[in-house]
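Chemist: Provide a 3D model corresponding to the input given below.
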Amino acid sequence: MKKKSISPILIVDDEEALRGMLSRALMAHGMDNILEASNGLDARFLIESEKPKIVLLDLVLPDCSGVDILGSISEKNPEITVIIVSASADVEMAIKCMKLGAFDFITKPISIPLLTACLKRVMHMQELTVENELLSKEILRDNPSNTKVFSEIVTNNSGMKNLFKYCEAIACSSYPVLITGETGTGKELFAKAIHALSNRAGSLVTVNVAGIDPNVFADTLFGHVKGAYTGADDTRKGLIEEAERGTILLDEIGDLCMDSQVKLLRLIQENEYSMLGSNTKRTSNVKIIASTNHNLLELVDGRSFRKDLYYRLITHHVCIPPLRDRKDDISTLMDFFLDTAAREFKKQKPSCPQELMFLLESFNFPGNVRELKSMVLNAVGEGKTKTLSLESFSTHIKQVSSFKNMHIDEEYSTEYFAGLKKLPILREVSEDLINEAMSRSGQNQTKAAKLIGITQQTISNRTRKTEEGSTR
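Modeler: Residues are numbered from 1 along each chain as shown. I've put the predicted structure just below:
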């Protein structure tokens with residue numbers, strides 16, 4: 001018997017030549033944690049002492065039957081996956097082994113591609129099982145345990161804290177992570193946190209892949225050897241090699257062209273790549289994180305994004321909510337950005353009037369957290385008093401609203417009343433508009449007034465007249 005490393009694959013077979021062939025074949029596929037046993041006694045010892053995750057088990061051993069070892073593993077170590085490797089194609093024996101808990105039954109002579117494919121399925125299944133257990137534990141906790149890792153993401157929102165716990169649970173997985181969210185929600189900050197939580201020895205390398213040419217994509221990720229193409233005067237390593245044992249963030253993955261998607265898919269599936277101009281296969285030990293502000297399922301339906309790549313990336317999915325869906329964070333973010341701006345401009349931190357908070361809570365923030373930060377920095381930078389002025393914020397909101405309405409004014413004017421046989425009178429329309437604004441603002445008159453561009457007094461007068469009319 002031969003010990004090589006912790007949590008290995010254990011090969012149990014009395015044929016030394018076969019064990020050696022299997023060991024070499026598996027190591028060539030990146031499975032270098034291999035143990036060997038030539039009999040049942042050695043196998044039982046290694047199972048207890050080394051805790052292998054997978055056992056390749058021959059049924060005919062010099063001192064016992066492999067069926068006995070299979071039964072013992074199923075009873076005492078059910079977390080171990082057993083694959084039977086036998087010279088016999090006996091269907092009844094195969095059924096018996098499967099009933100005793102074997103994962104698969106492979107006959108000799110062994111097909112290495114068939115065996116490695118089986119092992120990869122087992123590893124995937126085992127890893128997902130561990131991750132699901134970790135995820136269940138993380139979600140049950142009230143707060144994330146690594147709060148320092150998330151210090152750059154300012155929030156008190158419960159949904160965001162659940163995302164933190166999810167990130168903790170999946171960070172050590174070798175499978176890709178897909179981060180989705182609108183512009184300005186903090187996708188790169190989440191990528192940094194996941195990388196930090198993964199405890200990987202390498203660094204985090206970021207590359208924007210939007211619209212990048214397929215040849216440039218391959219050169220950027222995989223590098224090239226000298227003479228690979230005209231101008232390739234020296235060998236240059238790619239970002240995959242730079243990020244070795246670390247993490248690579250592929251930003252704007254939704255804009256990656258189809259040819260490059262094929263190259264990325266091969267990297268994820270096989271963990272192998274070749275430098276441009278070389279036929280030598282290299283093994284990658286890089287965690288892949290992809291981010292996008294697109295809905296990838298819509299791109300799949302539109303046939304601009306590969307379905308198989310999508311399902312490879314979606315194994316772990318972090319979907320960051322927009323700021324409009326967590327408005328309880330606006331006051332927290334305001335306070336944080338006011339501190340930041342005061343230090344930036346070397347000013348005293350200004351106070352925030354309540355009217356401003358009403359205004360911000362009625363705004364949808366198409367640019368999300370990044371937009372709020374820019375608004376605060378601009379207001380503090382140009383401010384001359386100890387209280388923040390509403391003017392800077394109002395101007396920005398009007399500009400954004402005007403831009404959004406530029407292309408819908410004509411549609412609005414021609415179609416808003418198109419389904420009505422009789423046009424409503426102005427008073428009816430204004431009452432409906434005020435009622436809708438009050439509903440959206442939670443019956444807060446000040447907020448409702450900000451939403452539709454009138455004064456709070458106007459709404460108050462309308463409400464009072466309506467109440468007086470109803471009592472007559």
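
Chemist: beyond the strand or helix carrying residue 339, next helix or strand please.
Modeler: Using DSSP states H and E, residue 339 falls within helix 330-344. If you walk from helix 330-344 toward the C-terminus, the next helix or strand you reach (DSSP H and E) is helix 354-361.

Chemist: the very next helix or strand once past that following helix: which residues count as buried?
Modeler: Sequence order places helix 368-382 as the next helix or strand after helix 354-361, per DSSP H and E. Neighbour-count burial for helix 368-382, counted by 16 or more other Cβ atoms under 10 Å, picks out 368, 369, 371, 372, 373, 375, 376, 377, 379, 380. Where C-beta positions appear, they are placed from N, C-alpha and C, glycine not excepted.

Chemist: one step back: just how off-centre is the helix holding residue 339 within its chain?
Modeler: 28 Å (Cα atoms, centre = their mean, to the nearest Å).

Chemist: okay, angle between that helix and helix 368-382 too, please.
Modeler: If you take axes from the mean of the first three to the mean of the last three Cα atoms, to 10 degrees, helix 330-344 sits at 40 degrees to helix 368-382.

Chemist: not counting its own residues, what contacts helix 330-344?
Modeler: Identification of contacts with helix 330-344 by Cβ atoms under 8 Å, 6 or more residues apart in numbering yields 154-156, 323, 347-350, 352, 357, 360-361, 369, 372-373, 376-377, 379-381, 388.

Chemist: switch the cut-off to 7 Å
Modeler: Here helix 330-344 makes contact (Cβ atoms under 7 Å, 6 or more residues apart in numbering) with 154-156, 348-350, 352, 357, 360-361, 369, 372-373, 376-377, 380.

Chemist: stretch 356-373 too?
Modeler: 182-186, 322-324, 327, 330-331, 333, 337, 388, 390, 393-394, 397, 400, 441, 446-447, 450-451.

Chemist: what about 6 Å?
Modeler: 182, 184-186, 322-324, 327, 330, 333, 337, 388, 390, 397, 446-447, 450-451 (Cβ atoms under 6 Å, 6 or more residues apart in numbering).

Chemist: in PyMOL, select just the buried ones from those residues.
Modeler: In PyMOL, a selection of the buried entries from these looks like this (16+ other Cβ under 10 Å):
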select buried, resi 182+184+185+186+322+323+330+333+337+388+390+397+446+447+450+451
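
Chemist: filter the contacts of stretch 356-373 down to the ones in helices?
Modeler: Among these, the members falling in helices are 330, 333, 337, 390, 397, 446, 447, 450, 451 (criterion: DSSP state H).

Chemist: excluding its backbone neighbours, what's nearest the fourth one?
Modeler: What that stands for is residue 390. residue 356 (5.4 Å; Cβ to Cβ, 6 or more residues apart in numbering).

Chemist: what about that neighbour, neighbour count?
Modeler: 20 (other Cβ atoms under 10 Å).

Chemist: repeat that for residue 66.
Modeler: 23.

Chemist: kindly report the same for residue 15.
Modeler: When counting by other Cβ under 10 Å, one arrives at 14 neighbours for residue 15.

Chemist: also residue 303?
Modeler: Neighbour number of residue 303 under other Cβ under 10 Å is 9.

Chemist: how confident was the prediction at it?
Modeler: Looking at residue 303, its pLDDT reads 90.

Chemist: that one should be in a strand, yeah?
Modeler: No - per DSSP: H, G, I helix; E, B strand; the rest coil, residue 303 lies outside any strand segment and is coil.

Chemist: for residue 261, see how far away it is.
Modeler: The gap separating residue 303 from residue 261 is 12 Å, by Cβ to Cβ, to the nearest Å.

Chemist: start to end distance for stretch 189-207?
Modeler: This stretch, stretch 189-207, spans 14 Å end to end (Cα to Cα, to the nearest Å).

Chemist: mind listing what's buried along it?
Modeler: Using 16+ other Cβ under 10 Å as the test for burial, stretch 189-207 gives 189-198, 200, 202, 204-207.

Chemist: just stretch 425-435 next, same as before
Modeler: residue 434.

Chemist: check what contacts that stretch and list those residues.
Modeler: Here stretch 425-435 makes contact (Cβ under 6 Å, 6+ apart) with 452, 459, 462.

Chemist: at 10 Å instead, please
Modeler: 416-417, 423-424, 445, 448-449, 451-452, 454, 458-459, 462-463, 466 (Cβ atoms under 10 Å, 6 or more residues apart in numbering).

Chemist: then stretch 388-398?
Modeler: 334, 338, 341, 349-353, 355-356, 358-360, 362-365, 367, 371-372, 374-376, 378-383, 450, 453.

Chemist: try it again at 6 Å.
Modeler: Residues from elsewhere that reach stretch 388-398 (Cβ under 6 Å, 6+ apart): 350, 352, 356, 363, 375, 378, 379, 383.

Chemist: check stretch 445-452 too.
Modeler: 358, 359, 362, 433, 437, 438, 441, 455, 456, 459, 460.

Chemist: output the helix or strand hosting the fourth one as PDB - backbone C-alpha positions only.
Modeler: To tie it back to what came earlier, the one meant is residue 433. In this assignment (DSSP H and E), residue 433 forms part of helix 426-440. Only the C-alpha atoms of helix 426-440 are listed here, as PDB (Å, rounded to 0.1, in the frame of the first residue of the first chain):
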ATOM      1  CA  LEU A 426     -59.100  67.700 -15.700                       C
ATOM      2  CA  ARG A 427     -60.400  67.500 -12.100                       C
ATOM      3  CA  GLU A 428     -60.900  63.700 -12.400                       C
ATOM      4  CA  VAL A 429     -57.400  63.100 -13.800                       C
ATOM      5  CA  SER A 430     -55.800  65.200 -11.100                       C
ATOM      6  CA  GLU A 431     -57.700  63.400  -8.400                       C
ATOM      7  CA  ASP A 432     -56.600  60.000  -9.800                       C
ATOM      8  CA  LEU A 433     -53.000  61.200 -10.000                       C
ATOM      9  CA  ILE A 434     -53.000  62.400  -6.400                       C
ATOM     10  CA  ASN A 435     -54.600  59.200  -5.200                       C
ATOM     11  CA  GLU A 436     -52.000  57.100  -7.000                       C
ATOM     12  CA  ALA A 437     -49.100  59.300  -5.500                       C
ATOM     13  CA  MET A 438     -50.600  58.900  -2.000                       C
ATOM     14  CA  SER A 439     -50.800  55.200  -2.500                       C
ATOM     15  CA  ARG A 440     -47.200  54.900  -3.700                       C
END
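
Chemist: pLDDT weak spots in the stretch 51-200 of the chain?
Modeler: Applying pLDDT under 70 to the stretch 51-200 of the chain flags the ranges 130-145.

Chemist: quick one, strands of it?
Modeler: Under the criterion DSSP state E, counting those that start in this stretch, strands of the stretch 51-200 of the chain are mapped to 54-57, 81-86, 104-107, 177-180.

Chemist: can I get the contacts of stretch 388-398 in CSV including pLDDT and distance to residue 84?
Modeler: Formatted as CSV, the contacts of stretch 388-398 follow (pLDDT from 0 to 100; distance: Cβ to Cβ, whole Å):
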residue, pLDDT, distance to residue 84
350, 92, 73
352, 90, 69
356, 89, 70
363, 89, 64
375, 94, 65
378, 93, 69
379, 93, 70
383, 88, 75
